[in-house]
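The amino acid sequence is not available; the structure is as follows:
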């Protein structure tokens, strides 16, 4: 039995969850998200919660049971409060700024790196070395943050590069005489 799937998803006030055919739609103050259901699960929507149940008792249905419940929970949280990832930029001359619809990064290359901000994502730079990625879709927020980090990941000797704010970099010792 799924430990995750057996718990219903609580729906906070201000969020509406509806089932249109085999598509779950969640609407809230931060937008609208959709999820296409697989053939292995069914959902039941009541006033304040969404319950996911498997159609059969085989391995595939049980795995999709917990996965679907987690995806619906992420949608409900996303349209009500949203998701955010904070990143720090470390290095001499390394900085970031938002210019129009682009994030401009100076990461020690001979050129500046321009990252086009996708729809549904908001990127802010409180300081030139701090970048915050916000949005309602958990997967998209994580993907955008990973793409920005991939331009210059943190290196283990001096710790230079782009890292998540809660990430610990394992530092290596340099050469010895």
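Yep, that arrived. On a predicted model such as this, the values are computed, not experimentally measured, just so you know.

Low-confidence ranges, the protein, go.
Along the chain, segments meeting pLDDT under 70 span 1-2.

domains for it, by residue range?
In the domain annotation for the chain, the residue ranges read 9-80, 83-164 (automatic domain parsing).

Columns distance to residue 170 and mean neighbour count on top of those, output as TSV?
C-beta here means a position set from N, CA and C on the backbone, and glycine is covered the same way. Shown next, in TSV, are the domains of the chain (distance: least, CB to CB, whole Å; neighbours: other CB atoms under 10 Å):
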stretch	distance to residue 170	mean neighbour count
domain 9-80	30	16
domain 83-164	6	16
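
Those domains: which one's closest to residue 171?
Among the domains of the chain, domain 83-164 comes nearest to residue 171, with 6.0 Å by CB to CB.

correct me, but residue 49 touches residue 10?
Yes: Residue 49 lies in contact with residue 10 (CB atoms under 8 Å); the separation is 5.5 Å.

Show me which strand runs longest in this structure.
strand 83-90 (DSSP state E).

hang on, residue 160 packs against residue 108?
Yes: counting by CB under 8 Å, residue 108 is a contact partner of residue 160 at 7.4 Å.

ok, what's across the strand from residue 121?
Per DSSP bridges, the residues bridged to residue 121 are residue 135.
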